[in-house]
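> Pasted the sequence and its predicted model underneath.
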Amino acid sequence: MLLTNYNSGGVWSVRSILVRRRATDNTIRILPTQRDTHRNHMCLLVIYMVTIVSQVMTDDPRFAEPIPNVTVALGRDANLPCVVENLGSYKVAWIHIDRQMILTIHRHVISRVPRFSVSHDNAKTWLLHVSSVQQEDRGYYMCQVNTNPMISQVGYLQVVVPPNIIDSDSTQSTVAIRENQNITLTCRADGFPTPKIMWRREDGQGITVERRKKVHVYDGELLNLTRISRTEMGAYLCIATNGVPPSVSKRIIVDVEFSPMIWVPNQLVGAPAGTDVAIDCHTEAYPRAISYWVYDNVMILPTKKYGTEITENSYRTHMKLIVRNIQAGDFGNYRCVSKNSLGETEGSIRLYEIPMPSTPPRLTDKKDGIQSTKNMLSEDMLPATSSSGTNIAGSGSNGNQNTMISSSGSVDSGSNSLDTQIDIYPNQIDESNSGTSTTIRRYSKVVIMFTSTIVCFVSSIN
């Protein structure tokens, strides 16, 4: 008897079977023949051999290289490669482990974040693209192949952020403090890696730390200035850097407030009538002071008679008053006044009259083609003596530059001539200024001795 059968391999086959009837129960049993059994065994052997050969000739999917760790700046684009060999019909998927988010499967984007995409180079590289990288994109990414069991590998995406100074947590751009008080400057910044904060002065001067030492660069978010002085006034730079360009800085101006102070270089100034004279004062004050001159209790304004000059540098001010064509009514006390919101101060300068210098006679002759000049001294040019001393004024040959003698005893001479000239005048200083008179007598003796030496030297040459 012949029967047809559809086997597991999908092939229709015809085989013969033996039908036997049992006499006892009239049942029919279908028994395979010996030939059919042998044929079945051969088919199973062939199938097993084909499977073994197929497995030997075809490798499972494997990763050709690891996923590199990628570092990218905030806002830039990043690519993560996954190289798979022998992929066959299997699929590649990308997963963001930190957010537990499936990003892509094969060529399809699963995530709803539009900044993620995937591409395949038709060979073995699958690229995950992340555009305009944000800080939340930082973390581990898995490339997975759906084999059984599943295979995967992981790479890390590092997102670096340039430093940014947080104004709300930092000292404001301008701060004022009274002198000799304490102040703390604060500068905070964020970014990744964590920024480093350092301080510098804009003018290049050192920063006083704990009143003991000065440094040009100070590290730390907090800068403590103890018992701050006016010399520490100015702009301080807070600079934040973390190796990711660009570095950023903030400029903080520290104003140190104090009441005015005045320094007068020459408190006593002498000048002949009919000449011009300049007197000056130096002031220090902050907030910036109002500075002016006063004579005979009246504020001096710029006119043809008076000229005023004011030069300011930070908290320092230089005041200069020029009195032109001095007359008898111009001699007296002049006051320089400086005032601000914290106080007021003034300095006093006395302007007194001295005689007009005269030009001594000079004898000029020629010898051996060399011209020499001798300064002659007469009997009436000897120094006059008095109980209060002698006042000396030295001038050049033009007679326009005078020597000013202050109460400190300093003498400034404007003569640049090679001729040595001495003019001795009766003293114009009060009896109360005996210290100044003593100093003048000493300078008189020195000048007379120097002049005598010059005369002897010239005579020896002739």
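Noted; the coordinates are in hand.
> Domain-wise, how is the chain divided?
Annotated domains of the chain cover 2-57, 62-162, 166-258, 264-353, 362-461 [automatic domain parsing].
> What's the local residue count around the closest residue to residue 235 other than its chain neighbours?
Counting by Cβ to Cβ, 6 or more residues apart in numbering, residue 235 lies nearest to residue 202, which is 3.8 Å off, once chain neighbours are set aside. In this view, the C-beta of every residue, glycine as well, is placed from N, C-alpha and C. Neighbourhood size, residue 202 [other Cβ atoms under 10 Å]: 12.
> If I look at residue 202, what pLDDT would I see?
pLDDT for residue 202: 96.
> that older thread, between the domains of the chain, which gets the lowest average pLDDT?
Among the domains of the chain, domain 362-461 carries the lowest mean pLDDT (a mean of 41).
> show me the contacts for the residue nearest to residue 235.
Shown in contact with residue 202 (Cβ atoms under 8 Å, 6 or more residues apart in numbering): 234-237, 251.
> Just the buried subset of those residues, written out for ChimeraX, thanks.
Buried members of the contacts of residue 202, defined by 16 or more other Cβ atoms under 10 Å, are picked up in ChimeraX with:
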select :234,236
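> Next one: the residue nearest to residue 235 from residue 211, what distance?
As judged by Cβ to Cβ, to the nearest Å, residue 202 and residue 211 stand 22 Å apart.
> Over to residue 128?
From residue 128 across to residue 211, the span is 58 Å (Cβ to Cβ).
> out of the two, which sits in the busier spot?
Neighbour count, other Cβ under 10 Å: between residue 128 and residue 211, residue 128 has more, with 25 against 10.
> CA-only coordinates of stretch 163-181, as PDB, when you get a sec.
C-alpha atoms of stretch 163-181 as PDB (Å, rounded to 0.1, in the frame of the first residue of the first chain):
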ATOM      1  CA  PRO A 163      33.200  78.900  32.500                       C
ATOM      2  CA  ASN A 164      30.500  81.400  33.200                       C
ATOM      3  CA  ILE A 165      30.600  83.900  36.100                       C
ATOM      4  CA  ILE A 166      27.300  83.900  38.100                       C
ATOM      5  CA  ASP A 167      26.600  87.600  38.700                       C
ATOM      6  CA  SER A 168      23.900  86.900  41.200                       C
ATOM      7  CA  ASP A 169      26.300  85.100  43.500                       C
ATOM      8  CA  SER A 170      29.200  87.500  43.000                       C
ATOM      9  CA  THR A 171      30.100  91.000  44.200                       C
ATOM     10  CA  GLN A 172      28.600  93.800  42.200                       C
ATOM     11  CA  SER A 173      30.700  95.600  39.700                       C
ATOM     12  CA  THR A 174      31.300  98.700  41.900                       C
ATOM     13  CA  VAL A 175      31.600  98.600  45.700                       C
ATOM     14  CA  ALA A 176      32.600 101.400  48.200                       C
ATOM     15  CA  ILE A 177      34.200 101.000  51.600                       C
ATOM     16  CA  ARG A 178      35.500 103.400  54.200                       C
ATOM     17  CA  GLU A 179      39.300 103.400  54.700                       C
ATOM     18  CA  ASN A 180      40.700 101.000  57.400                       C
ATOM     19  CA  GLN A 181      37.600  98.700  57.200                       C
END
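> That'll do, ta.
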